[in-house]
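Peer 1: Model the following, please.
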Amino acid sequence: MPEYRISRAKLTTDIVLALVFGLMSLPFALMGNWADLAAMALFVGALAVRRLAPAWSLGIAWAAATVQMAALRDLQFYDFAVLGVLYSTAAHGGRLVKWLGLVSAGAGALIATLYLQVVMPVFDGRGGLGPENLLAAAFIFVASVAVLVLAWTAGLLARSVRDGREVRRREEVANRERALAEYRYTVEQERNRIARDMHDVVAHSLAVVIAQADGARFAARTRPEAASEALSTISGVARGALGDVRVLLAELRHREGGAPQPVLDDLGGLISGVVDAGLDVRLVETGERRELGTGHQIAVYRIVQEALTNALRHGDTSAPVDVRLDWADDGIGLAISNRMTADAAGGPQATGAVPAGSPPPATRHGITGMRERAQLVGGALSAEPGAEGVFHVVARIPAQPRTPDSRSTP
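Peer 2: Numbering: from 1, shown residues only. Alright, predicted model coming up:
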């Protein structure tokens, strides 16, 4: 099995270079005998598969060297193929093959020294290794080790460079994927925020419009002036809602993050609109106001807006609604209480269950939105019915210094 993934183009290149090396070695091999031709052919084959299968390449190179030594042939031009084989074991081989290449470099240098200084002289009749040629043997061994290990080291360096490049490539891919995930998360958060704002604007405006329309219908015959005032209120609320919806749609189209958002100073206008719709709202504010961030102010406004909308749509409009703002050093506490109608009093509004008599889905979704708004700014919110059919919304929003432009989206 290949130990290194190689493309067809690279394999073709290796085969062509091996054939070129074979053609260069052929004239020298033809001056010898059949053993030179066989060894040359084996070395060419080893070069051809040096990146495809480094283990096989190393084995074939050892076989070629064995054939050459068995025929008692001296060093030949084709022996340079060993350098390419050793390079590939370090550059492309697996862990075992890589270290076998280093061992082969040392063993090959030792075998080559003994072969050239002992075996060849004996068969040539020049005697064995004597004291007079120890220095030559040492030089051959050191030179062989240096050349072979240098080829192996070059392959190891090439492998390190390639691995480093691959690590950097993977890091870049991971960074791009992480940036894409963060971008998608940001987009999703922005869409959720716009969806909550859209829900708050539309639900509140429709609740006021419905309440005013019902009042105008009953007062049309007996009190025409009251019906005219109700129609005027409906017109104003509808225009305001249309403007808010246009702003939100513009954010969806153009991702304009600087669109104006409601703040604490807008609570008076919100409560006035609900009072004009026929709801008796009693606002009590205690403590000294603290600095709140833009997002925190939006959360306070939207929570009060959603609670009053639910009271107007699903509560007893003949009973007063208590709104308390309790300021402290660490933030602001909200408490909105309203009496529920007989139908709504039988269902838990803060749970996911939907038994008979529970509030409509819009109410449950609104409570979920209020809870999410509080949690996004580090606060908490609870919404549940209490004693005597009174529904309580209690929230705590932490204090945080607001930005210079308190009417822009954070």
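
Peer 1: neighbours around residue 173, how many?
Peer 2: By other CB atoms under 10 Å, 10 other residues sit near residue 173. In this view, the C-beta of every residue, glycine as well, is placed from N, C-alpha and C.

Peer 1: does residue 73 count as helix, strand or coil?
Peer 2: Residue 73 carries the three-state label coil when classified by DSSP: H, G, I helix; E, B strand; the rest coil.

Peer 1: Grab the nearest non-local neighbour of residue 263.
Peer 2: Spatially, and ignoring its direct neighbours in sequence, residue 263 is nearest to residue 297 (4.3 Å; CB to CB, 6 or more residues apart in numbering).

Peer 1: Which pLDDT value does the model give that neighbour?
Peer 2: Model confidence at residue 297, expressed as pLDDT, equals 85.

Peer 1: do residue 208 as well
Peer 2: 71.

Peer 1: Also the one 5 residues further on?
Peer 2: Residue 213 is assigned a pLDDT of 74 by the prediction.

Peer 1: what sits against it?
Peer 2: 230, 234 (CB atoms under 8 Å, 6 or more residues apart in numbering).

Peer 1: any idea how far the one helix or strand it maps to is from the chain center?
Peer 2: Element membership for residue 213, per DSSP states H and E: helix 134-219. Offset of helix 134-219 from its chain centre (CA atoms, centre = their mean, to the nearest Å): 4 Å.

Peer 1: Strands of the chain, start to end?
Peer 2: 281-286, 321-328, 331-339, 380-385, 390-398 (DSSP state E).

Peer 1: Columns mean neighbour count, distance to residue 24 and mean pLDDT on top of these, output as JSON lines?
Peer 2: Shown next, in JSON lines, are the strands of the chain (neighbours: other CB atoms under 10 Å; distance: least, CB to CB, whole Å; pLDDT from 0 to 100):
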{"stretch": "strand 281-286", "mean neighbour count": "13", "distance to residue 24": "96", "mean pLDDT": "91"}
{"stretch": "strand 321-328", "mean neighbour count": "18", "distance to residue 24": "90", "mean pLDDT": "92"}
{"stretch": "strand 331-339", "mean neighbour count": "21", "distance to residue 24": "84", "mean pLDDT": "92"}
{"stretch": "strand 380-385", "mean neighbour count": "17", "distance to residue 24": "82", "mean pLDDT": "90"}
{"stretch": "strand 390-398", "mean neighbour count": "21", "distance to residue 24": "80", "mean pLDDT": "91"}
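
Peer 1: Distance to residue 214 for the ones you listed - can I get that in JSON lines?
Peer 2: Output for the strands of the chain, formatted as JSON lines (distance: least, CB to CB, whole Å):
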{"stretch": "strand 281-286", "distance to residue 214": "18"}
{"stretch": "strand 321-328", "distance to residue 214": "18"}
{"stretch": "strand 331-339", "distance to residue 214": "18"}
{"stretch": "strand 380-385", "distance to residue 214": "25"}
{"stretch": "strand 390-398", "distance to residue 214": "21"}
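
Peer 1: Residue 171: which of those is closest?
Peer 2: With CB to CB as the criterion, residue 171 lies closest to strand 390-398 of the strands of the chain, at 37.8 Å.

Peer 1: Neighbouring strands - and their directions - for the closest one?
Peer 2: Paired strands of strand 390-398, with direction, are strand 331-339 (antiparallel), strand 380-385 (antiparallel) (DSSP bridges).

Peer 1: Looking at the ones you listed, which is nearest to residue 89?
Peer 2: That would be strand 380-385 among the strands paired with strand 390-398, by CB to CB, at 64.4 Å.

Peer 1: could you dump that closest one to CSV, C-alpha only?
Peer 2: Taking C-alpha atoms only, strand 380-385 is exported to CSV below (Å, rounded to 0.1, in the frame of the first residue of the first chain):
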residue,chain,number,x,y,z
ALA,A,380,-33.4,37.5,34.7
LEU,A,381,-37.2,37.4,34.3
SER,A,382,-40.1,35.4,35.7
ALA,A,383,-43.7,35.5,34.5
GLU,A,384,-46.4,33.6,36.3
PRO,A,385,-49.9,33.9,37.7
